[in-house]
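# Quick one: sequence and predicted model below, then my questions.
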Amino acid sequence: MIPVYSRLDIEEIRSLRGNSSLAIVNRSVDTVLPFRRPEDLMRIAKLAIVIGVKALWGQFGVVDHDTAVRAEKAGMKVVPGRCPKS
């Protein structure tokens with residue numbers, strides 16, 4: 001797990017070193033699970049496509065159809081609106 005959090009004042013989450021952007025993660029990323037509003041998903045998906053992420057997982061209630069279509073066309077697996085614990 002690699003925490004990515006845009007607030008610059010947070011350097012660590014649960015003892016894991018954080019990154020301020022998905023763009024600066026220096027290793028491959030299998031799944032992006034954004035804890036963001038649906039309107040933020042397209043921006044995140046575009047960056048995930050560029051860096052070769054394999055899956056985009058939307059939290060419960062976080063669904064954006066246009067983002068899902070774009071990510072799937074880029075070859076990503078999309079799981080919209082589901083808790084990863086289930």
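Structure's in. What do you need?

# show me what contacts Val78?
Val78 sits next to Ala55, Leu56, Trp57, Gly58, Ala68, Ala71, Glu72 when contact means C-beta atoms under 8 Å, 6 or more residues apart in numbering. Using the backbone N, CA and C atoms, a C-beta is placed for each residue, glycine as well.

# quick one: low-confidence parts of the protein?
1-14, 16, 18-20, 86 (pLDDT under 70).

# element containing Gly61, please.
Per DSSP states H and E, Gly61 falls between elements, in no helix or strand.

# how much space is there between it and Arg36?
As judged by C-beta to C-beta, to the nearest Å, Gly61 and Arg36 stand 11 Å apart.

# more neighbours, the two?
Neighbour count, other C-beta atoms under 10 Å: between Gly61 and Arg36, Arg36 has more, with 14 against 11.

# Name the residues that touch stretch 33-43?
Ile44, Leu56, Trp57, Gly58, Gln59, Val62, Val63, Asp64, Asp66, Thr67, Arg70, Pro84.

# Is there a quick PyMOL command that grabs whichever of the residues you listed are buried?
Those of those that count as buried under 16 or more other C-beta atoms under 10 Å are selected in PyMOL with:
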select buried, resi 44+56+57+58+59+62+64+67+70
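
# Give the single residue among the contacts of stretch 33-43 positioned nearest to Val32.
Set against Val32, the nearest of the contacts of stretch 33-43 by C-beta to C-beta is Leu56 (5.5 Å).

# For the most centrally placed residue in the chain, name its beta-bridge partners.
Closest residue to the average C-alpha location of the chain: Val32 at 3.0 Å, with C-alpha atoms, centre = their mean. The partner list for Val32 in beta bridges (DSSP bridges) reads Leu56.
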